[in-house]
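> model this:
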Amino acid sequence: MIRLTDVVKQLVIINVIVFVGTMFLPDNLRTLFTLYFPMSSEFQPIQLITHMFMHGGPMHIFFNMFVLITFGPPLETRWGAKKFLLFYLACGAGSALAHMGVQYYEYTQAVAQLTPEVVEEILNGSRSVMTNNTVAAQSLMSVVGIPVVGASGAIYGVVAGFAMLFPNTQLMLLFPPIPIKAKFLVPILIVIDLLLGVSSVQTGVAHFAHLGGALVGFLLVLYWKNTNQA
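Numbers count the residues shown, from 1 in each chain. All right, here's what the predicted structure looks like:
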């Protein structure tokens, strides 16, 4: 039986409350809390935090909270509430920065192929611009018009941190139902995300945000271990 620690419990409660609460908000208000590309007219700095508590659907929040409940308590028990919360938020912020870094690359590639007038129209929210280069225009519209939501980046950081501190813990996969040690599971997940992100096979998922969260989690735990703080 998993014993819920205080911060993990509060994070789950907040995520569920926000998920249910935003279901009743009109779209124009809901977008205030999702994370847009900084060049978008919809971007607000507070979204760097609020997007971590938003989710795209019941399965999205269920999976994230299930993983948080599974892997979060051992870390919070080891570090204490304040340190774990700092770790969680840092992984979420790092996840957002990684996602925006990839977006910035896509943004520069698209802008280089479009006229300044078309770029300005798209940045101001137009989704019906006239241009000869529709591929670049659609790419730019995707970058500035599609927000990212979810705690997945922070969750990947938690999983990475768990694997570093408890590498030989035996875990049971759901599909397929086979046992695997944490130190093997996390690299497999990272490689899968990297391949899906590079190939763009699974659209609608911010794979590089996952990778960014995992990287921040790995680096933080590595630093704390090297300084005897982990």
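> make it CA atoms for all contacts and neighbour counts henceforth
Fine.
> pull out the buried positions in the longest helix seen in the chain.
Secondary structure of the chain per DSSP state H: the longest helix is helix 81-111. Buried positions in helix 81-111, judged by neighbour count with 16 or more other Cα atoms under 10 Å: 81, 84-85, 87-101, 103-104, 106-107, 110-111.
> burial of residue 212, as a residue count?
For residue 212, the tally of surrounding residues (other Cα atoms under 10 Å) stands at 25.
> meant to ask about residue 69, not that
Neighbour count for residue 69, taken as other Cα under 10 Å: 19.
> which secondary structure element is home to it?
Assigned by DSSP states H and E, residue 69 belongs to helix 58-79.
> between that helix and helix 81-111, how big is the angle?
Angle of helix 58-79 versus helix 81-111, following axes from the mean of the first three to the mean of the last three Cα atoms, to 10 degrees, is 130 degrees.
> which elements pack onto the least confident helix or strand in the chain by mean pLDDT?
Lowest mean confidence among the helices and strands of the chain (mean pLDDT, DSSP states H and E): helix 27-30, at a mean of 78. Judged by 3 or more Cα pairs under 8 Å, 6 or more residues apart in numbering; DSSP states H and E, helix 27-30 is in contact with no other helix or strand.
> need the contact partners of that helix.
The contact list for helix 27-30 (Cα atoms under 8 Å, 6 or more residues apart in numbering) reads residue 22.
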